[in-house]
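Undergrad: Could you work out the structure for the sequence below:
(one chain, ligands or ions: 1)
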Amino acid sequence: MKLEGKMAVVTGAGSGIGRACALEFAREGARVVVADINAAAAQATAQQIGPAAIGIPTDVADPEAVTRLAQKTIETLGKVDVLMNNAAIQVNKTIEDTTLEEWNRQMAVNVGGVFLCSRAFLPQLRRTRGAIVNMSSVNGYFVEPFSAGYCATKAAIIGLTKAMAIDCGPSRVRVNCICPGYIDAGLAEGYFQAQADPAAARMAAGKLHALGRIGRPEEVARVAAFLASEEASFITGAQIAVDGGFGSGLPLNS
Ligand SMILES: NC(=O)c1ccc[n+]([C@@H]2O[C@H](COP(=O)([O-])OP(=O)(O)OC[C@H]3O[C@@H](n4cnc5c(N)ncnc54)[C@H](O)[C@@H]3O)[C@@H](O)[C@H]2O)c1
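TA: Have a look, this model is predicted:
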């Protein structure tokens, strides 16, 4: 098993890709902290995993909550080997339609959450020579309509990943990010629902990928487990696409 004896924290693990990652990490031998702003969802994922997991309700945009998460994690697991910064929200609007409150919240969760959690867990990760896996998106470099702020946060995560990898290299902490294409999970569903014809938008999204379909959360989770593990021991500062050949498919309106 890739993560035997490892302790992992996954944010936004109450649903979608984060939940799939928490399940995959546990399947690969890790004990997992399921951190999510939705307390019931965090609990449900932890229960699905069983004794190898605990759910800790956490808003990653709240500095005090993140400090509590780090303290409780150490009290419970004793150490941390893997931090997966996955939690995010998506405002499906143009810049003109986005309120200042929506803009600030999206930045605070998607980028601020990576900052706060990384800052809180790095002292532990340095001790274990651990790994950080950040969740970006193909939207970090391949933008789409009605999600300008979200695309900006995902581009920021790619830059943050590379810069953190440089800073953390001397401590032997690896920092990478994953750029998924459309994945059958909450944020993609929200994007489809925000379009005039959600079913058509979903069909069209599949065609954007060379493989002709959108992906499954488990397909991202397997790559996350690899990046978190010693099998990726010489990979840091990388952006790994898990996108079924996104951008190689047919354009949206074909
Ligand atoms: N679904 C896709 O097509 C897709 C594609 C590329 C990248 N991603 C990225 O994958 C990640 C997960 O997306 P998803 O589609 O699985 O979303 P999702 O909505 O299914 O899951 C997101 C989880 O994050 C939690 N969350 C939201 N705000 C939080 C906060 N402040 N603190 C803690 N938890 C919080 C939610 O409660 C939810 O459980 C995101 O980073 C997203 O940008 C998704």
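
Undergrad: Setting the sequence-adjacent residues aside, check what's closest to A35.
TA: Closest residue to A35 apart from its sequence neighbours, by Cβ to Cβ, 6 or more residues apart in numbering: T58 at 4.2 Å. Backbone N, C-alpha and C define where each C-beta goes, glycine included.

Undergrad: what sits against the one you found?
TA: T58 is in contact with 11, 35-37, 42, 65-66, 68-69, counting by Cβ atoms under 8 Å, 6 or more residues apart in numbering.

Undergrad: go on, A108?
TA: Taking Cβ under 8 Å, 6+ apart, one finds A61 in contact with A108.

Undergrad: what do you get for F121?
TA: Contact analysis of F121 by Cβ under 8 Å, 6+ apart lists 9, 70, 73, 80, 83, 132.

Undergrad: again with A41
TA: Applying Cβ under 8 Å, 6+ apart to A41 gives the contacts 14-15, 19.

Undergrad: check these against the ligand, which are close?
TA: For the ligand, the contacts drawn from the contacts of A41 by Cβ under 6 Å from any ligand atom are 14-15.

Undergrad: Take the contacts of A41 and keep only those in helices.
TA: Among the contacts of A41, DSSP state H puts R19 in helices.

Undergrad: Could you check how far K79 is from I158?
TA: Going from K79 to I158 by Cβ to Cβ, to the nearest Å gives 28 Å.

Undergrad: Check the offset of the helix or strand that contains I157 from the chain's centre.
TA: I157 belongs to helix 148-168 when assigned by DSSP states H and E. With Cα atoms, centre = their mean, to the nearest Å as the basis, helix 148-168 stands 12 Å off its chain's centre.

Undergrad: Direction included, what does the helix or strand just after it pair against?
TA: Next along the chain after helix 148-168, taking DSSP H and E as the criterion, comes strand 174-180. When pairs are called by DSSP bridges, strand 174-180 turns out to pair with strand 131-135 (parallel), strand 239-242 (parallel).

Undergrad: What is the burial count for the residue in the stretch 151-254 of the chain that the ligand sits nearest to?
TA: As assessed by Cβ to the nearest ligand atom, the ligand sits closest to G186 within the stretch 151-254 of the chain, at 2.4 Å. Each residue near G186 was counted by other Cβ atoms under 10 Å, and the total is 19.

Undergrad: Next one, pLDDT for L252 please.
TA: L252 is assigned 52 on the pLDDT scale.

Undergrad: ditto for G247
TA: 84.

Undergrad: How about the residues of this structure by the ligand?
TA: Contact residues, the chain versus the ligand (Cβ under 6 Å from any ligand atom): 11-12, 14-18, 36-38, 41, 58-61, 86-89, 109, 135, 137, 180, 182-183, 185-188.

Undergrad: Any quick PyMOL command for the buried ones out of these?
TA: Of these, the buried ones can be selected in PyMOL as follows, counting by 16 or more other Cβ atoms under 10 Å:
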select buried, resi 11+12+14+15+16+17+18+36+37+41+58+59+60+61+86+87+88+89+109+135+137+180+182+183+185+186+187+188
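
Undergrad: Name the residues of stretch 117-129 that come out as buried.
TA: Those would be 117-118, 120-122, 124-125, for stretch 117-129 by 16+ other Cβ under 10 Å.
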